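**Student:** compute the structure for the input listed below.
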Amino acid sequence: MPPKISLEPGQSYHIYNRGNNRDLLYREEENYHYFLRLARKHIIPIADVYAYALLPDHFHFLIRIKDEEELARMNIKTSQKISSKFGHWFNAYAKAYNKRYNRVSSLFEKI
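**Tutor:** Residues are numbered from 1 along each chain as shown. Next up, the predicted model:
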């Protein structure tokens, strides 16, 4: 497994993942909308999104983490806290998806 990178202020990243065992991440249109609503809640405060693609079994986001000054105004000071925002996004979606479809296993592939 590749090492986890820390997300640094002012840097751009390609964030992507796919369903565990290539399972679907989005079974119906509302799933796409909910995933994007969670992105707005968790990611838009800390990053600018330049592009994204949501496919039935995976997603891609091209983002730039906001500068340190912008993050400091929101009381976000460490790369660990920045990374945790992505974890909260993915965990919130996985929890809702698993509940909706009566699943218990990991939704996202461990990459």
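**Student:** how about the helices in the protein?
**Tutor:** Secondary structure of the chain, counting by DSSP state H: helices at 29-42, 68-73, 79-100.
**Student:** check contacts around Ser84.
**Tutor:** Residues counted as contacts of Ser84 (C-beta atoms under 8 Å, 6 or more residues apart in numbering): none. Bear in mind the C-beta positions are built from the backbone N, C-alpha and C, glycine included.
**Student:** roughly how far does the spatially most central residue of the chain sit from Pro56?
**Tutor:** With the centre of the chain defined as its mean C-alpha position, the nearest residue by C-alpha atoms, centre = their mean is Phe86, 4.5 Å away. Separation of Phe86 from Pro56 (C-beta to C-beta, to the nearest Å): 21 Å.
**Student:** for the chain, name the helix or strand with the lowest mean pLDDT.
**Tutor:** Within the chain, no helix or strand scores below helix 68-73, which has a mean of 89 by mean pLDDT, DSSP states H and E.
**Student:** list the buried residues in it.
**Tutor:** Within helix 68-73, the residues that count as buried by 16 or more other C-beta atoms under 10 Å are 70-71.
**Student:** what do you get for stretch 49-59?
**Tutor:** So stretch 49-59, judged by 16+ other C-beta under 10 Å, has buried residues 54, 58-59.
**Student:** what is the nearest of the residues you listed to Gly10?
**Tutor:** Phe59 (23.4 Å; C-beta to C-beta).
**Student:** may I have the beta-bridge partners of that closest one?
**Tutor:** Here Phe59 shows beta-bridge partners Asn17, Leu54, assigned using DSSP bridges.
**Student:** wait, it touches Leu25, no?
**Tutor:** Yes. Phe59 lies in contact with Leu25 (C-beta atoms under 8 Å); the separation is 6.7 Å.
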